[in-house]
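In: requesting a structural model of the entry that follows:
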Amino acid sequence: MFCAISGEPPQEPVVSKKSGHVYEKRLIFKYLADNGKDPITGEDTVEEDLVDIKINPKTVKPRPASLTSVPSLISAFQTEWDSLMLETYELKQQYQQVRQELSHALYSHDAACRVIARLMKERDAARDALANVQAHINVPPPPSDAAVPEGGQPMDTGEDETGINDKVIQRLTETSEILSKTRKKRKAPPNLASVDEVKNYRQISYVPSLHKTTSPGITCLDLDETETFVLTGGNDRIVQIYQREEETVVGVLKGHTKKITDVLWHRKGSSEEGDIAFSASADKTVKIWRPAEKGYVNSKTINVHTQEVTGIGLHATKDYLVSVSLDSTWAFHDIETGSTLIKVECNEVNNGYSSVEFHPDGLILGTGTNDSVVRIWDMKSQTNVASFEGHTGRVTSLSFSENGYYLATASEDNLVKLWDLRKLDNFKTITLGEGAKVNKVAWDLSGNYLAAGGTDVRIFQAKTWNELAVLTGNAAEITDLKFERLVKHLVVGGLDRTLRFYGVPIDEEEG
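Out: Purely as a prediction, here's the structure:
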């Protein structure tokens, strides 16, 4: 079927009632509009004379004459291929251009990140330097040519030194007498954690990621009297204050230029006045931090030592502070004025002090040395009155029991030794096992429990010395720990930057 006008198969065929010819609808309608007659017979014809033809399927339009032979098909395929290749070439050019632009953008981004990282590092260094300069303003430098007398004698610190005079000795003696009388009458609190409760110690909470990752690790900690704030020092040269109830860091104390080696809380007076914080550092200084309108400020910097300060201790009067150093000296300071009253060196100490703590009564000072000897000092005369030998490594920690009779010491030989101060002998040695390290020992306030931290945390019962609990979970060595007042909890810090709280589970404690 073909159109009588075009000679091609119609898309919409119609047939004339008068002539019987088939036409393409659009062509015949146009022809009739112009002429009004049938194009073949010449008869008068109108659109009503045309009848639509229904076809199924619709007629397929035949190929043009140009594609009816093999050569014409090959030519068409060649033309199409050439167009496709030209388009592919252009796409490759655009792709290569986009790759170059992307590479340039990534390079620029990487360079910008490097510049930003360098600028941030320089900014942090500048801030630390500024904080250190501000902290040291108006503080005289340590003397470089101070005379060193023979062992056990006071040294000239180059400051306006008043010494431990009669007034200071009277203050120490009065405090010691009051505390001694009170201690003899003191009994363990009725709600002190029992042995069974300590045996059931579990990790009840932990605080990850304290201090910076650049120099990771908590090196020391202390718990305030309200047992609400934890003071921590780190390898990152920063002291932080963590609030347990809010579970957040509420203070960051900057000023030291090297790692923090020891921290202490100090409260004297009402709670409204706030606690004073102390920090010792490998930068040879001890800093006193006092509360201000916004956080804490460095009120005094003590820099009488010539090498790393390894430990500090608070006297029972809460008026004085002691510090020990790798320069083989210990110094006694007035907290209120920040002045050094006396600095003592002993000829028998050659490699410096490693730890320090006051006896609960305050008239005796205990020091650990890198020579593995524990030395006991009389504060009135500043003389070495006893020496405990037995360790074979650096004395890492020492702790007096609250009853004043026992001294616990830890050493790099991985032993915990217990000394009777009345008989001046080692009556018990606790071996923690092969490969176990011990960095810290601490008594609870009642003197019934002793904790040792290092590879893990172990708690022992006084007198029987039975091991009550072994607490694990730390990813690195434990560096410091402290019992709460009623031994319901134990606060532990370590080189994994984590503060952990062990204690009696709440359901058991309530039961």
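In: where does the chain dip in pLDDT?
Out: Along the chain, the parts satisfying pLDDT under 70 run over 57-68, 132-162, 184-185, 268-274, 506-511.
In: quick one, helices of it?
Out: Assigned by DSSP state H, the chain shows helices spanning 25-35, 70-136, 166-185, 195-199, 506-510.
In: other residues contacting the third one?
Out: Helix 166-185 is touched from outside by 315-317, 319-320, 341, 360-363, 379-380, 402-404, with contacts defined as Cβ atoms under 8 Å, 6 or more residues apart in numbering. C-betas here are computed from N, CA, C, even on glycine.
In: chain center to that helix, what's the gap?
Out: Computed by Cα atoms, centre = their mean, to the nearest Å, the chain-centroid distance of helix 166-185 equals 41 Å.
In: same question, the second one
Out: Relative to its parent chain, helix 70-136 has a centroid offset of 36 Å by Cα atoms, centre = their mean.
In: Ala436: how many residues sit nearby?
Out: By other Cβ atoms under 10 Å, the residues close to Ala436 number 14.
In: sorry, wrong one. I was asking about Lys437.
Out: 16.
In: test my guess that it contacts Glu477.
Out: Yes: the pair Lys437 / Glu477 is scored as a contact, 6.3 Å apart, by Cβ atoms under 8 Å.
In: between the two, what contacts are shared?
Out: 454-455.
In: re the thing from before, by neighbours, which of the contacts of helix 166-185 wins?
Out: Scoring the contacts of helix 166-185 on neighbours with other Cβ under 10 Å, the highest-scoring entry is Met379 at 24 neighbours.
In: list the contacts for that residue?
Out: The neighbours of Met379, taking Cβ under 8 Å, 6+ apart as the test, are 164, 172, 332, 362-365.
In: those residues into a markdown table, with extra columns for distance to His256?
Out: Converted to a markdown table, the contacts of Met379 look like this (distance: Cβ to Cβ, whole Å):
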| residue | distance to His256 |
| --- | --- |
| Ile164 | 28 |
| Leu172 | 30 |
| Phe332 | 22 |
| Gly362 | 28 |
| Leu363 | 31 |
| Ile364 | 30 |
| Leu365 | 24 |
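In: nearest to Gln97 among those?
Out: Nearest to Gln97 out of the contacts of Met379 is Phe332 (Cβ to Cβ; 76.3 Å).
In: neighbours of that closest one, how many?
Out: Phe332: 22 neighbours (other Cβ under 10 Å).
In: again with the one 10 residues further on
Out: Ile342 has 21 neighbours, counted by other Cβ under 10 Å.
In: OK, contacts around Tyr107?
Out: Tyr107 touches nothing, counting by Cβ under 8 Å, 6+ apart.
In: before we move on, back to that, for the helices of the chain, which one ends up most surrounded?
Out: Of all the helices of the chain, helix 195-199 carries the top mean neighbour count, a mean of 17, counting by mean count of other Cβ atoms under 10 Å.
In: that older thread, Asn466: which of the helices of the chain is closest?
Out: Distance to Asn466, taken as Cβ to Cβ, is lowest for helix 195-199 among these, at 8.4 Å.
In: at which residues are the strands of the stretch 251-400 of the chain located?
Out: Counting by DSSP state E, counting those that start in this stretch, the stretch 251-400 of the chain has strands at residues 260-266, 276-281, 286-291, 296-302, 309-314, 320-325, 329-334, 340-345, 353-358, 364-369, 374-378, 383-388, 395-400.
In: is it true that Ser16 touches Pro39?
Out: No: assessed by Cβ under 8 Å, Ser16 is found out of contact with Pro39, at 9.6 Å.
In: now the common contact residues for the two.
Out: 23, 28.
In: who's more crowded, the two?
Out: More neighbours surround Ser16 than the other of Ser16 and Pro39, with 20 against 17 (other Cβ under 10 Å).
In: ok, that one - contacts?
Out: Here Ser16 is in contact with 23, 28, 38, 45, 49-50 (Cβ under 8 Å, 6+ apart).
In: out of these, what pair is the most spread apart?
Out: Tyr23 and Asp49 (11.1 Å).
In: can you name the residues bridging to the closest residue to Gly368 other than its chain neighbours?
Out: With Cβ to Cβ, 6 or more residues apart in numbering as the measure, Val395 is the residue that lies nearest to Gly368, at 2.9 Å, once sequence neighbours are left out. For Val395, the beta-bridge partners are Ser411 (DSSP bridges).
In: just checking, Asn426 touches Gly390?
Out: Yes: between Asn426 and Gly390 a contact is recorded at 5.2 Å, counting by Cβ under 8 Å.
In: overlap in contacts of these two?
Out: Common neighbours of Asn426 and Gly390 (Cβ under 8 Å, 6+ apart) are Lys417.
In: okay, now the residue nearest to Val349 when sequence neighbours are not counted: neighbour count?
Out: Distances taken as Cβ to Cβ, 6+ apart put Ser328 closest to Val349, at 4.6 Å, once the chain neighbours are dropped. Residues within reach of Ser328, counting by other Cβ under 10 Å, total 24.
In: quick one: Ser328 and Leu495, what's the gap?
Out: Distance of Ser328 to Leu495, computed by Cβ to Cβ, to the nearest Å: 27 Å.
In: same question for Cys113.
Out: 30 Å.
In: over to Ala131?
Out: 24 Å.
In: now Asp444
Out: Distance, Asp444 to Leu495, using Cβ to Cβ: 24 Å.
In: same question for Ser180.
Out: Computed as Cβ to Cβ, the Ser180 to Leu495 distance reads 39 Å.
In: what of Trp443?
Out: 23 Å.
In: looking at those two now, which is surrounded by more residues?
Out: Trp443 (21 against 18).
In: okay, and the beta partners of that one?
Out: Here Trp443, judged by DSSP bridges, has bridge partners Leu450.
In: returning to what we had before: for Leu210, which of the helices of the chain is the nearest?
Out: helix 70-136 (17.7 Å).
In: and Gly233, what does it touch?
Out: Contacts of Gly233 (Cβ under 8 Å, 6+ apart): 218-221, 239, 259-263, 279, 281.
In: now the residues you listed in TSV, with distance to Val374 and neighbour count?
Out: Converted to TSV, these look like this (distance: Cβ to Cβ, whole Å; neighbours: other Cβ atoms under 10 Å):
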residue	distance to Val374	neighbour count
Ile218	25	29
Thr219	22	24
Cys220	20	23
Leu221	23	27
Val239	28	26
Lys259	24	19
Ile260	24	27
Thr261	19	26
Asp262	17	24
Val263	22	28
Ser279	24	27
Ser281	24	24
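In: quick check, nearest of those residues to His489?
Out: Distances from His489 to the contacts of Gly233, taken by Cβ to Cβ, are shortest for Leu221, at 13.2 Å.
In: ok, that closest one to Leu490 distance?
Out: Distance of Leu221 to Leu490, computed by Cβ to Cβ: 11 Å.
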